[in-house]
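Undergrad: Predicted model and sequence follow; I will ask about them next.
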Amino acid sequence: MNSIDLNGKTYELDAPDDMPLLWAIRDVLGFTGTKFGCGMGLCGACTMHLDGEPIRSCITPISGAVGKKITTIEGIESDPIGKHVQEAWVKVGVPQCGYCQCGQVMSATALLKNQPEPDNAAIEEAMVGNICRCGTYNRIKTAIHTASASLKGGSA
């Protein structure tokens, strides 16, 4: 039995220590916002935050998250930066099919926490591990700039 801190609440997990965090949170706890993409940590669909840093939950075992704070897409709006990112995503109309967008939002939030005013090169570098099959990369970049401007009180 493992105890994890998920979106500010403590949950007891009756699952093997080596179970990927993605499956523990989706299948055991029922938080289905984070998506399964490739299962190898390459596509970014499963991105969550572990102590504020983006991780690929499909390759992170439960044991690697015990004692740390986990944030999923269901909890990101309680983060002021995450809330701005979500609002920018809606304002810009980023999603097409939407499947990858939870991971994209999580990665964009982590970027803006570390670099509040990123240029295009910084955005591309931070988002390179997130694949969008619909090709909404330009809208994602615009939304990140919009969120950045919103955070500093301006508009993009």
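TA: In hand now; what should we look at?
Undergrad: The residue positioned nearest the centre of the chain is in what secondary structure piece?
TA: The centre of the chain sits closest to M106, judged by C-alpha atoms, centre = their mean, with a distance of 2.1 Å. In this structure, M106 sits in helix 101-114 according to DSSP states H and E.
Undergrad: show me where pLDDT drops low in the chain?
TA: 154-156 (pLDDT under 70).
Undergrad: now the strands for it?
TA: Ranges of strands in the chain, per DSSP state E, are 2-6, 9-13, 47-50, 53-56, 69-71.
Undergrad: Identify the residues contacting the third one?
TA: If I follow you right, that is strand 47-50. Strand 47-50 is touched from outside by 21-22, 25, 34, 54-57, 60, 64-65, 68-72, 76, 102-104, 106-107, 109-110, 130, with contacts defined as C-beta atoms under 8 Å, 6 or more residues apart in numbering. C-betas here are computed from N, CA, C, even on glycine.
Undergrad: Same question for the fourth one.
TA: Strand 53-56 is touched from outside by 21, 41-42, 44, 46-49, 106-107, 110, 129, with contacts defined as C-beta under 8 Å, 6+ apart.
Undergrad: G44: what's it in contact with?
TA: Counting by C-beta under 8 Å, 6+ apart, G44 has contacts 37, 56, 100, 103-104, 107, 129-131.
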